[in-house]
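Q: give me a 3D structure for the following:
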Amino acid sequence: MPSKPGNAGTPSDKGVIPDSVRAAACQPVVPSRRSLSKTKRTARAKVSSQVRKTMMDVSESALQKILSQLRGGESSLSWSQRRELLQAIGESRSAGRSSESGLGLIRELAADAKWEVRRAVVDLLPSLPDQDFDGLVAQLSTDSNAYVRQSVERAVKLRRVNQRAAARAKRSLDQVSEHFQSIESKHGKAAANKAMRMCERYSELLVGSIVHDLRSILTHLKLNCHSLITEVSEQSDTRAKRLGGRVRSDLEFLELAIEDMRAFTQPMPTEREPERLAVVVAEAVELARDNVRKVGFDPGPVLLQVQVSESIVVEIARHQIVMALANVLKNAMEAFIVSSNTLREGRIEIEAALSGKQVSLVVVDNGQGMSDEEADTLRLLTPGRRNKTKKHSSGYGLPIAARNLAAHGGSLTLESRENMGTVVTMALPLRSR
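A: Numbering: from 1, shown residues only. All right, here's what the predicted structure looks like:
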């Protein structure tokens, strides 16, 4: 039966396939330019994500591999991925994690064919060591791109501003140290200690007056930022999501810093109870491990050895001393940081030694240690002076520990040698009988 006009080749015609349909079915499927572009973008996004993941889990071996590929001309990274690589290195350096391979990548990419990549190198100039800074400034200040040259000028000015600010801060601390030494030489150590306590109390009052307002501001800031981050992340690309995650992380750090400021200004309890020092130390060890986990590290590689007699009893406000020791132990564990979420193997020894009417609790680590300037006790115990080698440093950990010990009639001293380790000694009066 012939088919009706206008219905030729319809499915109702059993076994009949129109020639036009047959020909189309035999043609190869060619993706549209739009679909190809989308496929490329997806592939690049995956590679870019892998680069960011590698850099955030930064290790010397990972950086060395990327550097070798770039030097050998084997790298398949696009210019935008090379720029993101530099940004990740910058984030790592700002968190205090530097490496020779990271510096090598910066030097290598300073000669990149794309000016956008060279411009990303300029952004890192203010934080580089003097030798690298001088060499790259000389190289990039004559760059063929005017925007790169102008950026170098701004980086040099920023470096000078930062150096002047650091010099002013150092002079101020040196002057304070000289004043205390003068008081001690004229009036004795007791008078100098009393002057120190008066200065600390003034700091507590000053910080305390700020903390309340900061907490109120932070509450509204977190609510608005988290809503904005959620909305933007659902509608934007990978870069916007990464920046949103960074803002979220910064807010968490700000909350941590404000909480440490609050703890520093809290009135010290006057009640004292007899406590076995071994039990206090065990509690502080667990608290320190928990605090290290909260900032993204596994404390497992660091071995803690405790030698504290069960017979030693001290009269203390338990929470204050647990917090003081936990802060010291957290610092000791962070001395083994090798990447953004990794601690290398190391050892921390905690030992109690009796001396007259007091007990000295000594914490020894074989971590990265500090230079003489970094280990200066006055600088370390100045509230708010962040340790730039630690991403989550609020600058209040050791000042809180020293304050809590001083309130019990004790003290905190520190000795350190770069690349060898640190010894922190916490003295406490024994229980009066």
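
Q: okay, now the residue nearest to Leu136 when sequence neighbours are not counted: neighbour count?
A: The shortest distance from Leu136 to any non-neighbouring residue, by Cβ to Cβ, 6 or more residues apart in numbering, is to Ala110 (5.4 Å). C-beta here means a position set from N, CA and C on the backbone, and glycine is covered the same way. Using other Cβ atoms under 10 Å, Ala110 has 22 neighbouring residues.

Q: same check on the one 5 residues further on?
A: For Trp115, the neighbour count with other Cβ under 10 Å is 16.

Q: list the contacts for the closest residue to it other than its chain neighbours?
A: With sequence-adjacent residues excluded and distances taken as Cβ to Cβ, 6+ apart, Trp115 is closest to Asn145, at 3.9 Å. Counting by Cβ atoms under 8 Å, 6 or more residues apart in numbering, Asn145 makes contact with 115, 118-119.

Q: I figured the residue nearest to Leu136 hits Gln139, correct?
A: Yes: counting by Cβ atoms under 8 Å, Gln139 is a contact partner of Ala110 at 6.0 Å.

Q: just put the contacts of Asn145 in TSV and tack on secondary structure.
A: TSV is the format used below for these (DSSP: H, G, I helix; E, B strand; the rest coil):
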residue	secondary structure
Trp115	helix
Arg118	helix
Arg119	helix
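
Q: where along this structure do the helices fall?
A: With DSSP state H as the criterion, the chain has helices at 19-26, 33-56, 60-71, 79-94, 100-109, 115-124, 130-140, 146-187, 189-235, 238-265, 277-294, 318-334, 377-380, 397-407.

Q: got the contact list for the third one?
A: With contact meaning Cβ under 8 Å, 6+ apart, helix 60-71 is reached by 54-55, 74-75, 77, 85, 99-102, 104-105, 108-109.

Q: may I see the ChimeraX selection of the buried members of the residues you listed?
A: Only the buried entries of these go into this ChimeraX selection, using 16 or more other Cβ atoms under 10 Å:
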select :54,55,75,77,85,99,101,102,104,105,108,109
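
Q: which single one of the contacts of helix 60-71 is nearest to Ile348?
A: Taking Cβ to Cβ as the measure, Ile348 lies nearest Ser99 of these, at 24.0 Å.

Q: skipping adjacent residues, who's closest to that closest one in space?
A: Closest residue in space to Ser99, ignoring its immediate chain neighbours: Glu60 at 5.3 Å, by Cβ to Cβ, 6+ apart.

Q: would you mind measuring from the residue nearest to Gly397 when sequence neighbours are not counted to Leu405?
A: Counting by Cβ to Cβ, 6+ apart, Asn327 is the residue found nearest to Gly397 once chain neighbours are left out, at 4.1 Å. Distance, Asn327 to Leu405, by Cβ to Cβ, to the nearest Å: 11 Å.

Q: below-threshold pLDDT in the chain: ranges please.
A: Scanning the chain for pLDDT under 70 picks out the ranges 1-59, 94-98, 235-239, 339-341, 373, 375-380, 383-393, 432-433.

Q: put the alpha carbons of stretch 204-222 into PDB.
A: This file holds the C-alpha atoms of stretch 204-222, laid out as PDB (Å, rounded to 0.1, in the frame of the first residue of the first chain):
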ATOM      1  CA  GLU A 204      45.500  42.800  78.700                       C
ATOM      2  CA  LEU A 205      43.300  45.800  79.300                       C
ATOM      3  CA  LEU A 206      44.000  47.200  75.800                       C
ATOM      4  CA  VAL A 207      43.400  44.000  74.000                       C
ATOM      5  CA  GLY A 208      40.300  43.200  76.100                       C
ATOM      6  CA  SER A 209      38.700  46.500  75.100                       C
ATOM      7  CA  ILE A 210      39.100  45.500  71.400                       C
ATOM      8  CA  VAL A 211      38.100  41.800  71.600                       C
ATOM      9  CA  HIS A 212      34.400  42.400  72.300                       C
ATOM     10  CA  ASP A 213      33.900  44.600  69.300                       C
ATOM     11  CA  LEU A 214      35.900  42.300  67.100                       C
ATOM     12  CA  ARG A 215      33.800  39.300  68.000                       C
ATOM     13  CA  SER A 216      30.600  41.200  67.200                       C
ATOM     14  CA  ILE A 217      31.900  42.300  63.900                       C
ATOM     15  CA  LEU A 218      33.200  38.800  63.100                       C
ATOM     16  CA  THR A 219      29.700  37.200  63.800                       C
ATOM     17  CA  HIS A 220      28.100  39.400  61.100                       C
ATOM     18  CA  LEU A 221      31.100  39.000  58.700                       C
ATOM     19  CA  LYS A 222      31.000  35.200  58.900                       C
END
